[in-house]
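A.B. asks: task: produce atomic coordinates for the following.
(one chain, ligands or ions: 2)
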Amino acid sequence: MKVEQIMKDLEKKHPGEVEYLQAVREVLESVEELYNKNPQFESAKIIERIVEPDRILTFKVPWADDKGDIHVNLGYRIQFNNAIGPYKGGLRFHPSVNLSILKFLGFEQIFKNSLTTLPMGGGKGGSDFDPKGKSNSEVMRFCQSFMLELKNIIGPETDVPAGDIGVGGREIGFLYGMYRKLARENTGILTGKGIGWGGSLVRPEATGYGDVYFAQEMLKTRNTDFKGKIVAISGFGNVAWGAALKVTELGGKVVTISGPDGYIYDKNGISGEKIDYMLDLRASNNDVVKPYADKFGAEFHAGKRPWEVKCDVALPCATQNELNGDDAKALVANGCICVGEGANMPSTPEAIEVFHKAKILFSPGKASNAGGVATSGLEMSQNSMKLSWSAEEVDKRLHDIMISIHNQCVLHGKDKDGFVDYVKGANIAGFLKVANAMLDQGLY
Ligand code: NDP
Ligand code: 2IT
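C.D. replies: Numbers count the residues shown, from 1 in each chain. Ligands and ions are numbered 1, 2, ... in the order given. Model (predicted):
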């Protein structure tokens, strides 16, 4: 495989799909050496087959607002690769959603899901619908219209969507209700369901918890832990909330959260009722964090990102490419020793280079945010058995999975000098399982 040649061909086929091409390049660069040592991959054209989705469904989503005015959004579901299990991955509702963003997310999901140790393939979907300022009933009508099309290609053994940005418990409820009505059956066609109707305990917290469990394992390799550490978190949604809970429980102090309007710096620490308040901020559909500063008397820095504050650990939990090379330099200069991605691809390639050069601990989202989808996998297991596990049971399994992902990264990512390149480790470990499954199953 020649990475540059493959990338040139892909750029020609998919011009302007910046995020997708960025995600593919990173994986190809990591697996190139291993790939070229194993001619069976090349002769089966594994790379050429793995970089293209199996299929993409696009559809229109017409819906009426509270005044009766009609709107039309675009809906998508990308079924990327199901060599090791049913397509699995979230739905994102955000005005920025386009094919490039969903293809990058679906591509990453293949390797992330492979790392979880559970049998799940990769997929992603969503819409350019903007939940900002919408009423509950508008969100409900949109979700119902979205499901009218989505239902045609999902199923508990085929494709199981879940949440992502803009899709939380409320949206999953509306989507599930519509599916149940149409199909006249209660099956595990979505994860992140409510606890009283097939959901799993700990799924809401799982991505953030998993991110912190992973960072804890990284810190262990440097003989340290979260006790007394100052932690900068970005975002204020589901992932940021779960991470703040677990960091606080482990004795760390969270000093920032952020939104599209800017970031909050709370030197007293974001804990207890302040973490609960993140749920109100998220549920308000206003997409701002400034009200936190007004309520708790903390600093608000308009239009800025939290990477300029002094911290020991940084957990980017907002969105893709939210931490660039200059942000990375500022973090390193301020003494940050560990960056654990909670979002998908929040660090730009330039930022990752800075972290690697400084030899600080850095984990890519596909490894450290895999706890969310892993717990979705545990929800699927419980649905299949028609049983519910206790919170302790789910949390223990989640924790064990994060430790296993860390071990896989170390196994495949340890350089000769002992430094662990978690990007390389995650990409190789995730790739190998899927590539071998594709080889075993022949050309299709
Ligand atoms: P939520 O919708 O719960 O929260 C995301 C929040 O972050 C939104 O309010 C969003 O505001 C805000 N945000 C988006 N862009 C920025 C930005 N540039 N700066 C600051 N804040 C921003 O989403 P999640 O917490 O579920 O998702 C966050 C990240 O974690 C995403 O990258 C997602 O793909 C990833 N992830 C989520 C998992 C899950 O289970 N939920 C699992 C694994 C990864 P706005 O809408 O205005 O952009
Ligand atoms: O990016 C992700 O891993 C998610 N949004 C969660 C996907 C899932 O199926 O739980």
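A.B. asks: so where's the stretch 251-400 of the chain shaky on pLDDT?
C.D. replies: Counting by pLDDT under 70, the stretch 251-400 of the chain has no low-confidence residues at all.
A.B. asks: now name the helix or strand holding the residue in it that ligand 2 sits nearest to.
C.D. replies: Residue of the stretch 251-400 of the chain nearest ligand 2, by C-beta to the nearest ligand atom: Ser376 (3.3 Å). For every residue, glycine as well, the C-beta is placed using N, CA and C. Ser376 is part of helix 370-385 when elements are defined by DSSP states H and E.
A.B. asks: convert the C-alpha atoms of that helix to CSV, please.
C.D. replies: What follows is helix 370-385, C-alpha atoms only, in CSV (Å, rounded to 0.1, in the frame of the first residue of the first chain):
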residue,chain,number,x,y,z
ALA,A,370,-15.2,3.6,23.1
GLY,A,371,-16.9,3.2,26.5
GLY,A,372,-20.1,4.7,25.1
VAL,A,373,-20.6,2.2,22.3
ALA,A,374,-19.2,-0.6,24.4
THR,A,375,-22.0,0.0,26.9
SER,A,376,-24.4,0.1,24.0
GLY,A,377,-23.1,-3.3,23.2
LEU,A,378,-23.8,-4.4,26.7
GLU,A,379,-27.4,-2.9,26.3
MET,A,380,-27.8,-5.1,23.2
SER,A,381,-26.6,-8.2,25.2
GLN,A,382,-29.2,-7.4,28.0
ASN,A,383,-31.9,-6.9,25.4
SER,A,384,-31.1,-10.3,23.8
MET,A,385,-31.2,-12.0,27.1
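A.B. asks: in that helix, what's buried?
C.D. replies: The neighbour-count check on helix 370-385 (16 or more other C-beta atoms under 10 Å) flags 370-383 as buried.
A.B. asks: pull the contacting residues for the residue of the stretch 151-300 of the chain found nearest ligand 1.
C.D. replies: Closest contact between the stretch 151-300 of the chain and ligand 1, by C-beta to the nearest ligand atom, is at Gly237 (1.7 Å). Counting by C-beta atoms under 8 Å, 6 or more residues apart in numbering, Gly237 makes contact with 165, 168, 278, 282, 317-318.
A.B. asks: which phi and psi does the closest residue to Met380 other than its chain neighbours have?
C.D. replies: Counting by C-beta to C-beta, 6 or more residues apart in numbering, the nearest residue to Met380 once its immediate chain neighbours are dropped is Gly188, at 5.5 Å. The phi and psi values for Gly188, taken as degrees, to the nearest 10, are phi -80, psi 70.
A.B. asks: can you count the residues close to Gly188?
C.D. replies: By the criterion of other C-beta atoms under 10 Å, Gly188 has 21 neighbours.
A.B. asks: per-residue confidence at it?
C.D. replies: pLDDT for Gly188: 96.
A.B. asks: equivalent analysis for the one 10 residues further on, please.
C.D. replies: Listed pLDDT for Gly198 reads 98.
A.B. asks: the closest residue to it other than its chain neighbours: what's it in contact with?
C.D. replies: Of all residues not flanking Gly198 in the chain, Asn383 sits nearest, at 5.7 Å (C-beta to C-beta, 6+ apart). Residues in contact with Asn383 (C-beta under 8 Å, 6+ apart) are 156, 187-188, 198.
A.B. asks: mark which of those residues are buried, thanks.
C.D. replies: Neighbour counting with 16+ other C-beta under 10 Å marks 187-188, 198 as buried within the contacts of Asn383.
A.B. asks: make JSON lines out of the residues you listed and add distance to ligand 2.
C.D. replies: Conversion of the buried ones among the contacts of Asn383 to JSON lines gives the following (distance: C-beta to the nearest ligand atom, whole Å):
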{"residue": "Thr187", "distance to ligand 2": "16"}
{"residue": "Gly188", "distance to ligand 2": "12"}
{"residue": "Gly198", "distance to ligand 2": "14"}
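A.B. asks: closest one of these to Gln5?
C.D. replies: Gln5 has its nearest neighbour among the buried ones among the contacts of Asn383 in Gly188, at 42.0 Å by C-beta to C-beta.
A.B. asks: so the closest one touches Asp159, yeah?
C.D. replies: No. Contact criterion C-beta atoms under 8 Å: Gly188 and Asp159 do not qualify, at 11.6 Å.
A.B. asks: residues in the stretch 51-200 of the chain within reach of ligand 2, list them.
C.D. replies: 88-90, 112, 162, 164, 191 (C-beta under 6 Å from any ligand atom).
A.B. asks: looking at those residues, which are in helices?
C.D. replies: Among these, DSSP state H puts Lys112 in helices.
A.B. asks: give the contact list for the residue nearest the centre of the chain.
C.D. replies: Nearest residue to the geometric centre of the chain (C-alpha atoms, centre = their mean): Asn344, 4.5 Å. Residues near Asn344 by C-beta under 8 Å, 6+ apart: 104-105, 108, 319-320, 365-366, 369.
A.B. asks: residues contacting Met278?
C.D. replies: 236-237, 240-241, 244, 257, 270, 292.
A.B. asks: quick one on the thing from earlier: show me which of the contacts of Asn344 is closest to Gly16.
C.D. replies: Phe104 (12.8 Å).
A.B. asks: what helix or strand is that closest one located in?
C.D. replies: Secondary structure assignment for Phe104, by DSSP H and E: helix 99-115.
A.B. asks: by contact count, what packs against that helix?
C.D. replies: When contacts are defined as 3 or more C-beta pairs under 8 Å, 6 or more residues apart in numbering; DSSP states H and E, helix 99-115 packs onto helix 18-37, strand 70-81, strand 87-93, strand 121-127, helix 365-368, helix 370-385, helix 422-440.
A.B. asks: so how far is Lys193 from the closest residue to Met147 other than its chain neighbours?
C.D. replies: Among residues not flanking Met147 along the chain, Met178 sits closest, at 4.0 Å (C-beta to C-beta, 6+ apart). Per C-beta to C-beta, to the nearest Å, Met178 is found 13 Å from Lys193.
A.B. asks: how about Ala215?
C.D. replies: For Ala215 relative to Lys193 (C-beta to C-beta), the value is 28 Å.
A.B. asks: which one of those two is surrounded by more residues?
C.D. replies: Ala215 (32 against 23).
A.B. asks: and the helix or strand containing the more buried one with ligand 2, contact?
C.D. replies: Per DSSP H and E, Ala215 falls inside helix 203-220. No. Between helix 203-220 and ligand 2, judged by C-beta under 6 Å from any ligand atom, nothing touches; the nearest distance is 6.8 Å.
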